[in-house]
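below: sequence and its predicted model.
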Amino acid sequence: MRLERLTSNKIKIFITSDDLFERGLSKDDILKDTLKWRQLFQDLLDEASLELDLDIQGAVAVEVFSLQAQGMVMIITVNGNVEEEEYLYDGFIEMQVTVEGYEKFLFEFEGIEEVIQLARRLSLLSAGGGSLYSMRGKYYLLFDVSPNDAERHASIMAEYGNASILSPHFLEEYGNPIMKENAVETILKYFR
């Protein structure tokens with residue numbers, strides 16, 4: 001799990017699928033708003049409060065973005081544009097959860113060599129496309145994946161890099177584009 005402060009009252013929490021599994025949760029538990037999910041959410045808020053020195057009281061708005069096989073990103077806004085009475089119920093924080101699925105994978109790589117090795121491996125699966133960016137000394141591959149291939153591609157990509165907690169929109173806005181399209185094919189053309 002990784003925590004990041006976005007603004008004075010907004011935080012981002014990235015939870016891997018392994019983190020959820022270790023805590024005995026699935027993404028379905030979140031959609032069904034189970035007691036296990038509420039307990040995990042309370043634990044996450046407590047941890048974020050300590051680590052990021054954020055006073056989390058009252059109303060919170062939660063957006064959950066599913067990253068398919070990678071895990072989830074939650075954006076939590078404390079005292080956002082919500083009516084406080086709606087969110088407090090018998091000591092629990094009542095949340096309105098929005099879940100969105102990403103059809104894109106965004107992986108982060110330490111060096112270009114890992115990206116080249118991944119492109120070679122993906123070509124063996126007849127996978128192509130993707131966009132390559134650099135930012136803050138790292139490389140990022142943004143890749144469209146069909147739902148049928150998502151788990152297999154994610155496991156292969158994880159062998160060479162790490163799932164990024166950046167949003168694709170942030171990367172497209174602030175990253176340095178190296179190859180805006182067909183990154184796998186272009187890499188293979190120059191680095192066979």
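Received, thanks.

you'd agree residue 178 is in a strand?
Yes. Under DSSP: H, G, I helix; E, B strand; the rest coil, residue 178 sits within a strand.

what residues of the helix ranked longest in the chain count as buried?
The residue-count maximum for a helix in the chain (DSSP state H) belongs to helix 35-52. Going by neighbour count (16 or more other Cβ atoms under 10 Å), the buried part of helix 35-52 is 37, 38, 40, 41, 44, 45, 48. Placement of C-beta: from N, CA and C, glycine included.

and for stretch 126-144?
127-128, 130-134, 138-143.

tell me how far it lies from the chain's centre.
Computed by Cα atoms, centre = their mean, to the nearest Å, the chain-centroid distance of stretch 126-144 equals 15 Å.

ends of that stretch, what's the gap?
14 Å (Cα to Cα, to the nearest Å).

what mean pLDDT does that stretch have?
Stretch 126-144 carries an average pLDDT of 89.

which strand residues bridge the nearest residue to residue 9 once chain neighbours are set aside?
Nearest non-adjacent residue to residue 9, counting by Cβ to Cβ, 6 or more residues apart in numbering: residue 78, 4.6 Å away. Applying DSSP bridges to residue 78 yields these beta-bridge partners: residue 60.

hang on, isn't residue 78 packed against residue 49?
No. Using Cβ atoms under 8 Å, residue 78 makes no contact with residue 49, being 9.5 Å away.

shared neighbours, the two?
Common contacts of residue 78 and residue 49, defined by Cβ atoms under 8 Å, 6 or more residues apart in numbering, comprise 55, 56.

nearest spatial neighbour of residue 107, skipping sequence neighbours?
Residue 107 sits nearest to residue 161 (Cβ to Cβ, 6+ apart), 4.2 Å away.

now the one you found: phi and psi?
phi -150, psi -170 (degrees, to the nearest 10).

which residues touch residue 76?
Here residue 76 is in contact with 10, 11, 12, 13, 45, 48, 60, 61, 62 (Cβ under 8 Å, 6+ apart).

make JSON lines from those and add pLDDT and distance to residue 116 to it.
Listed next are those as JSON lines, based on pLDDT from 0 to 100; distance: Cβ to Cβ, whole Å:
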{"residue": "10", "pLDDT": "81", "distance to residue 116": "37"}
{"residue": "11", "pLDDT": "83", "distance to residue 116": "35"}
{"residue": "12", "pLDDT": "82", "distance to residue 116": "30"}
{"residue": "13", "pLDDT": "83", "distance to residue 116": "32"}
{"residue": "45", "pLDDT": "81", "distance to residue 116": "41"}
{"residue": "48", "pLDDT": "81", "distance to residue 116": "37"}
{"residue": "60", "pLDDT": "76", "distance to residue 116": "43"}
{"residue": "61", "pLDDT": "76", "distance to residue 116": "42"}
{"residue": "62", "pLDDT": "76", "distance to residue 116": "39"}
